[in-house]
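Asks: coords below, sequence missing:
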DNA sequence: AGCACA
């Protein structure tokens, strides 16, 4: 059976791939040697060296398929074989289309090092100590430190990748000298890889970040952990430094919050460019990138302290991120780049889950395709155990038609939040939140517009936040409407 | 000299 007309184990011609498989390499051939060999044909985006029992195979991934084809074609018709250290190298298309997580990109050279300091708290190793240690290898441009689940980490920026590489090879796995550390620190190993960054965005000198190239950079008297940075306002008070990227942490997360949900929520204020969600110290956080600061400010003011779902669930805390442009690689369940056109089937606009909605909503008879509707599948399907005290299940089912009818209407005044029309129409279960009634979204605009047709929903469950035009209405003029079509923003 | 495992 095995030999009959089946696929031979190896074919002479593989289907093209931007990944090439190289054989007969010299022992422990380095990435530099591979790149040297391949880079005349295109840009190498990833490699995997020392593959196979003999460590004499490797994979090289080009940025573009045509580059891989160019290399294979060239050597197929060349009288000189590809060579490394005088050895003939055999190359062919890999049977995979990409190199899968070779070394988590930490091995592709960069002038910026990602340093994980094991076994210490962030307070144990000062930025000055790091600066001292890494300056032994060359001029350190910038350092940024932060706390991650992996531990205390630092990004250390050198002039070039060579300098960074020398620091890395000298220090990786080593320990910071004891005399530079507090006495209680037992050990302090450095794990060093290359960062994907090339230029750190340091806005202040602080105990968390330094820019040694700019002595005039303002000193931040009190950089606060976690959130963005602060500046001193005209009134002498500390003021959060605004950014086009919001950092959202979510409290009381009883229900899953997906990229799509966030996109829907935050798109109410303007076009969302990128979203990344991640865990930090066991908490849920997300970064939401807008094209400009004004939009972010608007979204922050409107959403801060509000809950995505009524009942105090998924309460948003917003601050300004230090980031200005998120490094979102692929579109997956943790991150999304909405600025990439035609990226698969992903909608550039808030998800239109029209197909799923009617069934899920049950009885909703609205039009089949409504870009603003978020069906909230996850939530629909999540079991909602009855709770004492009449706490409702997260109520998505009610009110859909109200939201729907919103579409045609545009415009309660800018004071929808504080409109007297809302008095007494807060959520049944008043969440222990300050200010605006209940669920940010569930009330805004809906009852306001519909109160003549519908009785208030006191005692009734509420729908999830999907507020789109509701929020739009709040925008103090001038904001481009969130509409379909090509984004008017560019990176 | 013939396809990796995060």
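Replies: Sure thing, it's come through. This one's a predicted model, so the numbers in the text were calculated from it and none came from an experiment.
Asks: buried stuff in stretch A:109-129?
Replies: For stretch A:109-129, a neighbour-count test (16 or more other CB atoms under 10 Å) marks A:110-115, A:117, A:120, A:122, A:124-125, A:127, A:129 as buried. Just so you know, the C-beta spots here come from the backbone N, C-alpha and C atoms, and that holds for glycine as well.
Asks: low-scoring stretches of the stretch 51-200 of chain A, by residue?
Replies: A:101-106, A:149-150 (pLDDT under 70).
Asks: hmm, I typed the wrong one, I wanted the stretch 251-400 of chain A.
Replies: A:281, A:342-400.
Asks: quick one, strands of it?
Replies: A:274-280, A:283-289, A:307-309, A:313-320, A:335-337 (DSSP state E, counting those that start in this stretch).
Asks: repeat for the stretch 101-250 of chain A
Replies: Using DSSP E, counting those that start in this stretch, strands in the stretch 101-250 of chain A cover A:112-117, A:140-148, A:151-158, A:190-194, A:209-211, A:230-232, A:238-240, A:245-251.
Asks: among those strands, which comes closest to DNA strand B?
Replies: strand A:190-194 (11.4 Å; CB to the nearest atom of the strand).
Asks: list the buried residues of that closest one.
Replies: A:190, A:191, A:192, A:193, A:194.
Asks: can you pull the contacts of whichever residue of the stretch 251-400 of chain A sits closest to DNA strand B?
Replies: Among all residues of the stretch 251-400 of chain A, residue A:330 sits closest to DNA strand B, at 13.2 Å; criterion: CB to the nearest atom of the strand. By CB atoms under 8 Å, 6 or more residues apart in numbering, the contact list for residue A:330 is empty.
Asks: also residue A:210?
Replies: Residue A:210 neighbours (CB under 8 Å, 6+ apart): A:127, A:131, A:142, A:143, A:144, A:202.
Asks: which among the residues you listed end up buried?
Replies: A:127, A:131, A:142, A:143, A:144, A:202.
Asks: among the residues you listed, which two are most distant?
Replies: A:131 and A:202 (12.7 Å; CB to CB).
Asks: quick revisit: could you dump the strands of the stretch 251-400 of chain A to CSV with distance to DNA strand B?
Replies: Below are the strands of the stretch 251-400 of chain A laid out as CSV (distance: least, CB to the nearest atom of the strand, whole Å):
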stretch, distance to DNA strand B
strand A:274-280, 17
strand A:283-289, 23
strand A:307-309, 33
strand A:313-320, 31
strand A:335-337, 18
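Asks: which of these sits most buried?
Replies: strand A:307-309 (a mean of 28; mean count of other CB atoms under 10 Å).
Asks: give me the neighbour count for residue A:272.
Replies: 29 (other CB atoms under 10 Å).
Asks: quickly note the distance from it to residue A:248.
Replies: Using CB to CB, to the nearest Å, residue A:272 is found at 12 Å from residue A:248.
Asks: shared neighbours of the two, which are they?
Replies: A:262, A:288.
Asks: and the residue nearest to residue A:182 when sequence neighbours are not counted, what does it touch?
Replies: Once flanking residues are discounted, residue A:182 sits nearest to residue A:124: 5.4 Å by CB to CB, 6 or more residues apart in numbering. Counting by CB under 8 Å, 6+ apart, residue A:124 makes contact with A:152, A:181, A:182, A:184, A:185, A:188.
Asks: can you count the residues close to residue A:87?
Replies: Count around residue A:87 with other CB under 10 Å applied: 14.
Asks: any idea how far it is from residue A:22?
Replies: 11 Å.
Asks: swap in residue A:294?
Replies: 51 Å.
Asks: then residue A:122?
Replies: 43 Å.
Asks: same check, this time on residue A:335
Replies: From residue A:335 to residue A:22 the distance is 32 Å (CB to CB).
Asks: turn the strands of the stretch 101-250 of chain A into TSV, columns for distance to residue A:313.
Replies: Formatted as TSV, the strands of the stretch 101-250 of chain A follow (distance: least, CB to CB, whole Å):
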stretch	distance to residue A:313
strand A:112-117	34
strand A:140-148	27
strand A:151-158	31
strand A:190-194	38
strand A:209-211	34
strand A:230-232	30
strand A:238-240	26
strand A:245-251	9
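Asks: would a markdown table of these with distance to DNA strand B be doable?
Replies: A markdown table is the format used below for those (distance: least, CB to the nearest atom of the strand, whole Å):
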| stretch | distance to DNA strand B |
| --- | --- |
| strand A:112-117 | 14 |
| strand A:140-148 | 16 |
| strand A:151-158 | 17 |
| strand A:190-194 | 11 |
| strand A:209-211 | 28 |
| strand A:230-232 | 36 |
| strand A:238-240 | 36 |
| strand A:245-251 | 27 |
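Asks: wait, which of the ones you listed is closest to residue A:17?
Replies: Nearest to residue A:17, of the strands of the stretch 101-250 of chain A and by CB to CB, is strand A:190-194 at 25.0 Å.
Asks: picking up where we left off before, quick one: which of the contacts of residue A:210 is nearest to residue A:278?
Replies: Nearest member of those to residue A:278, counting by CB to CB, is residue A:144, at 16.8 Å.
Asks: quick check: that closest one touching residue A:131?
Replies: No - assessed by CB atoms under 8 Å, residue A:144 is found out of contact with residue A:131, at 11.7 Å.
Asks: wondering if the helix of greatest length in chain A reaches DNA strand B at all.
Replies: What stands out as the longest helix in chain A, according to DSSP state H, is helix A:65-77. No - Helix A:65-77 is not in contact with DNA strand B by CB under 7 Å from any atom of the strand; minimum separation 11.0 Å.
Asks: all helices for the stretch 201-350 of chain A, in order.
Replies: A:259-266, A:293-303 (DSSP state H, counting those that start in this stretch).
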